[in-house]
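Undergrad: Using only what follows, build the 3D model:
(2 chains)
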Amino acid sequence: MTSALLYDRLQFAFTATFHYLFPQLTMGLALLLLYLRSRALVTNDDHYQQVSDFWTSIFALNFGFGVVTGIPLEFQFGTNWARFSTFAGGVIGQTLAMEGVFAFFLESSFLGILLFRKRFSRRMQWFAALMLFIGSWLSGYFILATNAWMQHPVAYQTGDDGRVFVNSLTGLLTNPWLFWQFAHNMTAAVVTASCAIAAVGAYYLLSGHYLSYAKTFLRTGVVAGAIAAALMIFPTGHGNAKQVFDHQPVKGAAFEGLFTTERGAGLYLVGQPNLETMTIDNPIEIPNALSFLVYKDLYAKVKGLDAFPRDEWPDNLPLLYYAYHIMAGLGTILATIFGLALLSLWRGRLFKMKWLLWLLMLSAPFPYIATSAGWMTAELGRQPWLVYGLLRTAHGTSPLVHSGNALFTLIGFLGLYLLLGLLFVFLLGKIIQRGPGSVDSEATYPA
Amino acid sequence: METLWFIVVTLMLAIFIVLDGFDFGVGMVYPFVVRTEVERRTVLASIGPLWNANEVWLIAAGAVLFFAYPKAYAAGFSGFYLALILVLWLLIFRGLALELRSHVDHVLWKQAWDTAFTTASLLLAFVFGAALGNLIRGVPLNRDGYFFVPFWTDFQPGPEPGILDWFTVLLGLATVSILAFHGANYLAMNTEGTLHKRAAWTAWVMGWVSAGCTVLTVTAVPFVQPSLRLNFAGHPMEYLVPLSGLFALGSSLYLRQRQHDTAAFFTSSVFILLMLTSVMFGMYPYILVSTTDPALSLTVFNAATDSYGLTTGFAWFGVGFLLVVAYQSYVYSLFWGKTRSDDAH
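TA: Alright, predicted model coming up:
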C-alpha cells in the first residue's frame, strides 16, 4: 500500500467514524422527539414540553457537531478520491445531490425554528420536529443508498471510457441491498437515542435529582430501546448478514473467521484469528450454528476463505473479525439489558432496581461502539473493493495528492477532532448537570 | 441539458455567496460594530436561525456539481486540495463559534469564539474570492484531466500558478470588502439605535472600498484571462449584465447614504449576483480552463455525466428546488424584521 493510499483511507475512516457518532443519536432522537412533542401537543402537558425542550437542546448540540463534521465527508470524495468520483460520479452523484437538495435544507431550515422556539407556538414546534425527523431520515436514506450501491452495484451501465452511469434512478433508490441496510441502521440509531435517554434517566434517578423527569426518560428510553434493539437483531441484523453471505461471501467468511469451507460450520463467539496457521486461537464455538443461521440447515456447506483467491480477501482480516464480533456481542448485550429493563418496568419494579439502573447508565457508550464497529464491518469487509467488484480502493485515490499533503491534513483532522470531542463532552456534561425544566431560562439558544 | 446544469450550479453558488455572504460579512464587521454583550448577542441572533441553511447552499451546490460534472468535481476538489481542506476547517470553526458561544457564561469563552467567528469569516471570504480568481485564471490541467496547485509559487498567474498570486489575492481582498459591505448592510437593516448607526457607517466605508476593489479587479481581468472577453464580444448585449451590476453597486451606495437600509441590502445582493453571473457568462462553456494547453480544459460538455442522468436529475431537482425556495422563504419571513432583543439573551 503506498503511503498516500494509507493516509487517504485513514483520513476517510477517521472522519467518517467520528462524524457518525453524532447523526446516529440525532436520527434516533428525531423520532423520539417527534413522539415527545406530539404528546406535549395532544395532552397540553408542561411536563412533556419540558422533557422535549431538554432533549431538543441535546439534539441541537449533536446536530451542530454533526453538521460541521459532515461537510468534510462530502468534500473528501473529490479531494482524496478523485478517480473514484470520476468513475462513479454518474451514479452516486445522483443520491448525494438528492441528499443535499431534499434533506440538508429541510433540516437546517427547521432547526432554526426549534432553536428559537420561544417565538413559536407548540403546534409550530411540533411541525418543526416533524420536518427534522423527515429531513434526518431522508438524509440517512440517501447516504445509505450511496453506500448500498458501493456494496452492491445495481442500475448502472458502463460508458465507452470505462466510467459508470446510472440507467434507472428508481433502480438505484430501490437497491435490494438498501432495504435491510436502512432498516438495520435506523433501528440501531433508535437504540443509540433510547439508550442515551434511559441512561440520563437512570443517572438522575440514582443520584436523586429531577425524579419525575428521570422516570419519564426511563419509560420512554426503555420501551423504545427494547423494541428497537429487538428489531435491530431480528429481522434486520439477520437480513443484513444473510445478504452478505448471498452476495459477498468472502466478506461473510472473513468476519466470521471461517478459514476453510465446511459442512455444518460453527459460529465463533470468542477467539483470535491466527493468520499464520489460518485458524482461530482459543475458540468458543457453537457447533453448526453458522450453517443454520445462513441456510436454515445444520449441515449446509458454508464457503470459507479458502474458496476465494487471496487478492480478493479483505485486507485487514483481524480488524474486520473483531469489528463484527464487537458489534454482534454488544448488540446482544444491549438487547438483553433492554429486555430485562422492559420486563421490570412492566412489573413496576424498575425504578427500585439499583443494579439495573446502574447497568442502563453505564451502557450509554455501548451503542456508539457497536454502531462504529458495525460500519467498520461493512466497510472493511468491502475491501479490497471501493465499489464491490468494479473498482478497487487502490484505484480510487486522487492521482496528484501526494502523501505529504494527505498526512498533513490527516494530522490536522486528528488534532481538530480531538478538540471537538473534548468540547462536546464538556458541553454535554453541562447540559446534563443543568437538568431539565430550567432550559427556558438558560442560554441554550445561540447568541 | 449540459448548459442548463451549468446555469443551475452557477445560480446555486451565487445564492450561496449572497446568503452566506452576509453571514461572513456580519462576522467580519462584528468587532467594529459591537461594544457591549447585549449588542454582541443581538448581532449574533440576527443570523442565528439562518446561517446554517445559508451554508447548505454551498454543500448542495458541491453535490450538484458532483452529480452533473463528476470530472470537474474530481479535478477541482483534488487540485485545490489544500485550499478546500482549509475551507473545511474554517467552516468548522465558524459553525462552532455560532453554536457554542452561548453555552458557557465566561468572558474568555465568549472572547475565544468571537475571535474564531471573525477570523473564520474573514478567511472564508478571502478564500472564496481567491477561488473565483483561480477559476478565471485557469489551472495546469494535465492529459488525464487532473492538476494540483500548491498555495503559492511565485505569485504570478503564469502557466505554473499557485492558489495565491497577485490576481487571486486581489480578488480575495475584493470579496472581503464586498461581503463586509453586504454584511454591514444586512446588520443595518436588522438592528436599531447605536448598533444601527455603527453598522450603517461601516457599510458606507466598506461600500467605497468595495467600489475601488471592483474597479481594480475588472481592469485586471483582461490581462490575466483575455479570453473572458470573447463571449461578451460575441453577444454585446451581455455587457448589460456587468454594467447593471456596477449600477446596482452605485445604487446601493446612494441608498446607503439616504438610509434606505432594506433597499441598500437588496441592491448589494443584486450587485453580487450580477457580477458572479457575468463571470459565468464569460467562462462558459469552460468550467476549468487549462493554463498548459487550452485543449485540455474541462468544459460543460466533456465533464458532464451522461444524458440519462442529466435529464432524470432535472425532474427531481425542479421539485426539490421549488420546495427549498418555498420553505426557506417561509423561514426567512418568520424571522424577518429588526432582531428582537428578547431573542438575544
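Undergrad: any residues touching the worst-scoring helix or strand of chain A on mean pLDDT, and which ones?
TA: Ranked by mean pLDDT, DSSP states H and E, the weakest helix or strand in chain A is helix A:105-115, scoring a mean of 90. Identification of contacts with helix A:105-115 by C-beta atoms under 8 Å, 6 or more residues apart in numbering or on different chains yields A:56, A:59-60, A:63, A:67, A:120, A:124-125, A:127-129, A:131-132, A:134-136, A:138-139, A:445-446, B:48-50, B:52-53, B:55-56, B:60, B:323-324, B:327-328, B:331, B:334-335. Every residue, glycine included, has its C-beta placed from N, CA and C.
Undergrad: Also stretch B:140-160?
TA: Contacts for stretch B:140-160 (C-beta under 8 Å, 6+ apart): A:82, A:86, A:398-401, B:71, B:74-75, B:78-83, B:134, B:137, B:139, B:161-169, B:224, B:288, B:290-292, B:296-298.
Undergrad: again, but for stretch A:236-246
TA: Under C-beta under 8 Å, 6+ apart, the answer for stretch A:236-246 is A:152, A:176-177, A:179-181, A:183-184, A:187, A:251-252, A:293-294, A:302, A:328, A:331, A:381.
Undergrad: mind listing what's buried in the lowest-mean-pLDDT helix or strand in chain B?
TA: Within chain B, no helix or strand scores below helix B:228-234, which has a mean of 83 by mean pLDDT, DSSP H and E. Of all the residues in helix B:228-234, those buried under the rule 16 or more other C-beta atoms under 10 Å in any protein chain shown are B:228, B:231-232.
Undergrad: hmm, back to that, could you tell me which of the contacts of stretch B:140-160 are located in strands?
TA: B:288, B:298 (DSSP state E).
Undergrad: Going by neighbour count, which of the contacts of stretch B:140-160 are buried?
TA: Using 16+ other C-beta under 10 Å, the buried ones in those are A:82, A:86, A:398, A:400-401, B:71, B:74-75, B:78-83, B:134, B:137, B:139, B:161-165, B:167-169, B:224, B:288, B:290-292, B:296-298.
Undergrad: Got phi/psi on residue B:303?
TA: phi -100, psi 0 (degrees, to the nearest 10).
Undergrad: Can you name the residues that contact it?
TA: So residue B:303 contacts B:69-72, B:75, B:287-288 (C-beta under 8 Å, 6+ apart).
Undergrad: Show me the strands in chain A, by range?
TA: Counting by DSSP E, the strands of chain A are A:156-158, A:164-166, A:262-263, A:267-274, A:279-286, A:301-302, A:385-387, A:391-392.
Undergrad: So which of those strands is nearest chain B?
TA: strand A:164-166 (4.4 Å; C-beta to the nearest C-beta).
Undergrad: Tell me the helices and strands packed up against the closest one.
TA: helix A:82-98, strand A:156-158, helix B:307-334 (3 or more C-beta pairs under 8 Å, 6 or more residues apart in numbering or on different chains; DSSP states H and E).
Undergrad: 6 Å instead?
TA: Judged by 3 or more C-beta pairs under 6 Å, 6 or more residues apart in numbering or on different chains; DSSP states H and E, strand A:164-166 is in contact with helix A:82-98, strand A:156-158.
Undergrad: ok, and which of the ones you listed has the densest surroundings?
TA: helix A:82-98 (a mean of 26; mean count of other C-beta atoms under 10 Å in any protein chain shown).
Undergrad: contacts for that helix?
TA: A:77-78, A:142, A:145-146, A:156, A:163-166, A:386-387, A:391, A:396, A:398, B:63-64, B:66-67, B:70-71, B:73-74, B:78, B:305, B:309 (C-beta atoms under 6 Å, 6 or more residues apart in numbering or on different chains).
Undergrad: what's the model's confidence in that helix, averaged?
TA: In this model, helix A:82-98 carries a mean pLDDT of 96.
Undergrad: relative to helix B:307-334, how tilted is that helix?
TA: On the basis of axes from the mean of the first three to the mean of the last three C-alpha atoms, to 10 degrees, helix A:82-98 is oriented at 50 degrees to helix B:307-334.
Undergrad: Using PDB, write down the CA coordinates of helix A:82-98.
TA: Listed next in PDB are the C-alpha coordinates belonging to helix A:82-98 (Å, rounded to 0.1, in the frame of the first residue of the first chain):
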ATOM      1  CA  ALA A  82     -10.900  11.900  -7.300                       C
ATOM      2  CA  ARG A  83     -10.600   8.800  -9.500                       C
ATOM      3  CA  PHE A  84     -13.400   7.200  -7.700                       C
ATOM      4  CA  SER A  85     -15.500  10.400  -8.200                       C
ATOM      5  CA  THR A  86     -14.800  10.400 -11.900                       C
ATOM      6  CA  PHE A  87     -15.500   6.700 -12.200                       C
ATOM      7  CA  ALA A  88     -18.700   6.600 -10.100                       C
ATOM      8  CA  GLY A  89     -20.000  10.200 -10.100                       C
ATOM      9  CA  GLY A  90     -22.500   9.300 -12.800                       C
ATOM     10  CA  VAL A  91     -24.300   7.100 -10.300                       C
ATOM     11  CA  ILE A  92     -23.600   8.300  -6.700                       C
ATOM     12  CA  GLY A  93     -23.700  11.900  -7.800                       C
ATOM     13  CA  GLN A  94     -27.500  11.500  -8.000                       C
ATOM     14  CA  THR A  95     -28.000  10.300  -4.500                       C
ATOM     15  CA  LEU A  96     -25.600  12.700  -2.900                       C
ATOM     16  CA  ALA A  97     -27.100  15.700  -4.800                       C
ATOM     17  CA  MET A  98     -30.600  14.500  -3.700                       C
END
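Undergrad: Share the number of residues neighbouring residue B:20, please.
TA: Residues near residue B:20, counting by other C-beta atoms under 10 Å in any protein chain shown, number 27.
Undergrad: May I ask you to confirm that it is in contact with residue B:55?
TA: Yes - between residue B:20 and residue B:55 there is a contact at 5.4 Å, judged by C-beta atoms under 6 Å.
Undergrad: Quick check: phi and psi on the residue in the stretch 101-250 of chain B that chain A sits nearest to?
TA: Distances between the stretch 101-250 of chain B and chain A by C-beta to the nearest C-beta are smallest at residue B:148, namely 3.8 Å. Residue B:148 adopts backbone torsions of phi -150, psi 120, taken as degrees, to the nearest 10.
Undergrad: And for residue A:45?
TA: phi -100, psi 120.
Undergrad: Could you count how many residues lie near it?
TA: 12.
Undergrad: repeat for residue A:339
TA: Residues near residue A:339, counting by other C-beta under 10 Å: 15.
Undergrad: Pull the contacting residues for it.
TA: Neighbours of residue A:339 in contact, by C-beta under 6 Å, 6+ apart: none.
Undergrad: Tell me where the stretch 101-250 of chain B has helices.
TA: B:107-137, B:166-190, B:193-224, B:228-234, B:240-257 (DSSP state H, counting those that start in this stretch).
Undergrad: Equivalent analysis for the stretch 101-250 of chain A, please.
TA: Counting by DSSP H, counting those that start in this stretch, the helices of the stretch 101-250 of chain A are A:105-115, A:122-151, A:169-173, A:176-207, A:211-231, A:238-247, A:249-256.
Undergrad: Tally up the residues packed near residue A:73, please.
TA: 16.
Undergrad: Can you give me the first-to-last residue distance of stretch A:344-362?
TA: 18 Å (C-alpha to C-alpha, to the nearest Å).
Undergrad: Give me the residues contacting that stretch.
TA: Taking C-beta under 6 Å, 6+ apart as the rule, stretch A:344-362 contacts A:198-199, A:202-203, A:205-206, A:222, A:337, A:341.
Undergrad: Please report the distance of residue A:203 from chain B.
TA: Relative to chain B, residue A:203 is positioned 20 Å away (C-beta to the nearest C-beta, to the nearest Å).
Undergrad: so what's that residue up against?
TA: Residue A:203 neighbours (C-beta under 6 Å, 6+ apart): residue A:361.
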